[in-house]
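In: Sequence plus the predicted model coming up.
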Amino acid sequence: MKLNFKTRIALNYFFATGIVVALVFAIVFISLNTTIYESLDSDLNYESEVHLEELDLENMVFSNREEWEEREHEEVEVNPVFVQIINSEEKITDKSPNLNADRLQFFPEKEDHLHFNTIFNNRLIRQVQEPVKVDGKLSGYIITAMSFEASQKIIDQLWVILLISYPIIVIVLFFISRFLAGRSIAPIKDITQITERINQNNLQERVNLPENKDELYNLSASINSLLKRIEEALERERQFTSDASHELRTPLAALRGNLEVLIRKVRNPEEYEKRIKTSLLEIDRLSEMVEQLLFLARFDKQKTTAEKADLIILLDEALQRNKHQISARNLKIEFTNQLEKSVEVPKYYTSIIIENLLSNAIKYSSKDETIKISVEEKTSAIQLKITNYGEAIALEDHAKIFKPFYRTQNTKNLKINGTGLGLSIVKKAAEAIYAKIQLKSNLAHGTSFIVLFKKDA
């Protein structure tokens, strides 16, 4: 049988409270039962001691007959106390008037001073047998008994009340707990309804956060975070599809044009070589663009940033990877390290940032120019600055330069190859490690890209 979550919670609460209530009822019953017996046994001991002091030990009879005139010894109906004296031969030597012709039964097998229940004239009584000794020799017994019916009636009534009330209480608690469980999981139902309503066309919808910051709040926040990541992933997928279909068309068309030219007629080897080289350049550009598009499409801020590396080492590795391009343009690298100690940064994303900024600096520098790289510690950040002295970036382009596929007019005029994706990738990578990117560009001081790494990055 499949039970819903609300009923399962109620059943668990039902069994738990059922056990607790049963334990409480058992404690109440045992406590009352013990108290009644202890009270009655105390009264029996008191009566035995009083009458033992009034006993004529020589004749084994009571010397003070006034005690026998008390109501409890005269009548059986009102709080009766029965007292009977027997000698060592178990013969009755004296007894209270309320016994009339009856007698209390003596149980020689019972231990002395032991309190026990027995029947007297079809009535339940509590009895104790105290030995009477003279000079250390047993002379007889004083038997004291009291009615136990009223006390037993109280115990029986309590037992019936507990038996009847127990199932009623636990059943009521079950429905109360079921009601409370229903109210408790109501937000979960809301979450379920909202998540069932969400599809790829309305991923911007979010689960309402509860007022109390409890486990349900954390669950709702986690679902919203998941929806956000899914939305971003689908958006990247759509963007990739759109960008790929739009941007790959140009290099593919150029490649097709070159190949069509080659097959129109037989050409000399130099012409073939020229066209093939042009096609290879387009293929390289196409490959680079696809790789960068895939990076943007797969980009995920949740990617681990746990692996750290020394910032200076990452810079050195990037310079080594680009040393052929640097040599080909006869560029000079002016590196300034003002750090007093090594600084570790997230390896993966920092490598991407450095690689793209350095590649741009090389690409946009004229031959024989200098590229300046500096690292220094600021108040709340580690600053990496890469400066080239090529064409300055116009002020109106500063806000657009980090957008995918955006290329400045100067870049187009200078016919510098590129995809327009490098700085977009830099911005995404910086966001992933909570770094800041700043751009400063003018003719006098060149173009500087400044990366501010958090000190606890």
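Out: Done, it's in.

In: what comes up buried for the helix or strand containing residue 155?
Out: Element membership for residue 155, per DSSP states H and E: helix 149-184. In terms of neighbour count (16 or more other C-beta atoms under 10 Å), helix 149-184 has its buried residues at 151, 155, 158, 162, 169-170, 173-174, 177-178, 181-182. For the C-beta atoms, the positions are set from N, CA and C on the backbone; glycine is no exception.

In: Over to stretch 206-215?
Out: Residues 206-207, 210 are the ones in stretch 206-215 that count as buried (16+ other C-beta under 10 Å).

In: In terms of helix, strand or coil, where does residue 335 fall?
Out: Judged by DSSP: H, G, I helix; E, B strand; the rest coil, the three-state class of residue 335 is strand.

In: list the helices and strands the strand or helix carrying residue 320 packs on?
Out: Under the criterion of DSSP H and E, residue 320 resides in helix 311-321. Other helices and strands packing on helix 311-321, by 3 or more C-beta pairs under 8 Å, 6 or more residues apart in numbering; DSSP states H and E, are strand 332-337, strand 344-346, helix 347-364, strand 370-377, strand 381-388.

In: Could you work out which of the ones you listed reaches nearest to residue 14?
Out: strand 344-346 (52.4 Å; C-beta to C-beta).

In: mind checking how far that closest one is from the chain centre?
Out: How far strand 344-346 lies from its chain's middle: 30 Å, per C-alpha atoms, centre = their mean, to the nearest Å.

In: returning to what we had before: tabulate the helices and strands packed on helix 311-321 in JSON lines, adding columns for mean pLDDT and mean neighbour count.
Out: Conversion of these to JSON lines gives the following (pLDDT from 0 to 100; neighbours: other C-beta atoms under 10 Å):
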{"stretch": "strand 332-337", "mean pLDDT": "93", "mean neighbour count": "12"}
{"stretch": "strand 344-346", "mean pLDDT": "91", "mean neighbour count": "21"}
{"stretch": "helix 347-364", "mean pLDDT": "88", "mean neighbour count": "21"}
{"stretch": "strand 370-377", "mean pLDDT": "94", "mean neighbour count": "17"}
{"stretch": "strand 381-388", "mean pLDDT": "93", "mean neighbour count": "20"}
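
In: Any chance of those in a markdown table with distance to residue 137 as columns?
Out: Below are the helices and strands packed on helix 311-321 laid out as a markdown table (distance: least, C-beta to C-beta, whole Å):
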| stretch | distance to residue 137 |
| --- | --- |
| strand 332-337 | 113 |
| strand 344-346 | 100 |
| helix 347-364 | 103 |
| strand 370-377 | 106 |
| strand 381-388 | 105 |
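
In: Point out the one among the ones you listed that comes closest to residue 32.
Out: Short answer: strand 344-346, nearest of those by C-beta to C-beta, at 71.0 Å.

In: which other residues reach that closest one?
Out: Identification of contacts with strand 344-346 by C-beta atoms under 8 Å, 6 or more residues apart in numbering yields 305, 307-311, 314, 382, 432-433, 453, 457.

In: On the three-state scheme, the spatially closest residue to residue 43 that is not a sequence neighbour is what?
Out: Closest residue in space to residue 43, ignoring its immediate chain neighbours: residue 146 at 6.3 Å, by C-beta to C-beta, 6 or more residues apart in numbering. Following three-state DSSP, the label given to residue 146 is strand.

In: Could you double-check that residue 146 lies in contact with residue 123?
Out: No: counting by C-beta atoms under 8 Å, residue 146 does not reach residue 123; the two are 10.9 Å apart.

In: Compare these two (neighbour count), which wins?
Out: For the pair residue 146 and residue 123, the greater number of neighbours falls to residue 146 (20 against 12), based on other C-beta atoms under 10 Å.

In: and the more buried one, what is it in contact with?
Out: With contact set as C-beta under 8 Å, 6+ apart, residue 146 has these partners: 40, 43-44, 47, 79-82, 125-126.

In: partners of it in the sheet?
Out: Beta-bridge pairing for residue 146 (DSSP bridges): residue 81, residue 126.

In: can you pull the pLDDT of it?
Out: Residue 146 carries a pLDDT value of 90.

In: elements contacting the longest helix along the chain?
Out: In the chain, assigned by DSSP state H, the helix with the most residues is helix 5-53. With contacts defined as 3+ C-beta pairs under 8 Å, 6+ apart, the packing partners of helix 5-53 are strand 81-87, strand 115-120, strand 123-134, strand 137-147, helix 149-184.

In: run the last query once more with 6 Å
Out: Where contact means 3 or more C-beta pairs under 6 Å, 6 or more residues apart in numbering; DSSP states H and E, helix 5-53 is packed against strand 123-134, strand 137-147, helix 149-184.

In: So what angle separates the directions of that helix and strand 81-87?
Out: Interaxial angle of helix 5-53 relative to strand 81-87 (axes from the mean of the first three to the mean of the last three C-alpha atoms, to 10 degrees): 50 degrees.

In: Measure how far helix 5-53 is from the centre of its chain, please.
Out: With C-alpha atoms, centre = their mean, you get 41 Å for helix 5-53.

In: After it, which helix or strand is next?
Out: Next along from helix 5-53, by DSSP H and E: strand 55-56.

In: Please pull up the helix or strand immediately following the host helix or strand of residue 259.
Out: Element membership for residue 259 (DSSP H and E) is helix 249-264. Counting by DSSP H and E, the next helix or strand C-terminal to helix 249-264 is helix 269-298.

In: Show me what that next one is packed up against.
Out: Using 3+ C-beta pairs under 6 Å, 6+ apart, helix 269-298 sits against helix 215-247, helix 249-264.

In: What mean pLDDT does that helix get?
Out: 75.

In: Next: stretch 95-105.
Out: So the average pLDDT for stretch 95-105 ends up being 85.

In: same question, stretch 172-180
Out: The model assigns stretch 172-180 a mean pLDDT of 85.

In: Ok, stretch 128-138 next?
Out: 87.

In: returning to that earlier point: going by neighbour count, list what's buried in whichever helix or strand comes after the helix holding residue 320.
Out: Downstream of helix 311-321, the first helix or strand assigned by DSSP H and E is helix 323-328. Neighbour-count burial for helix 323-328 flags residue 326 (criterion: 16+ other C-beta under 10 Å).
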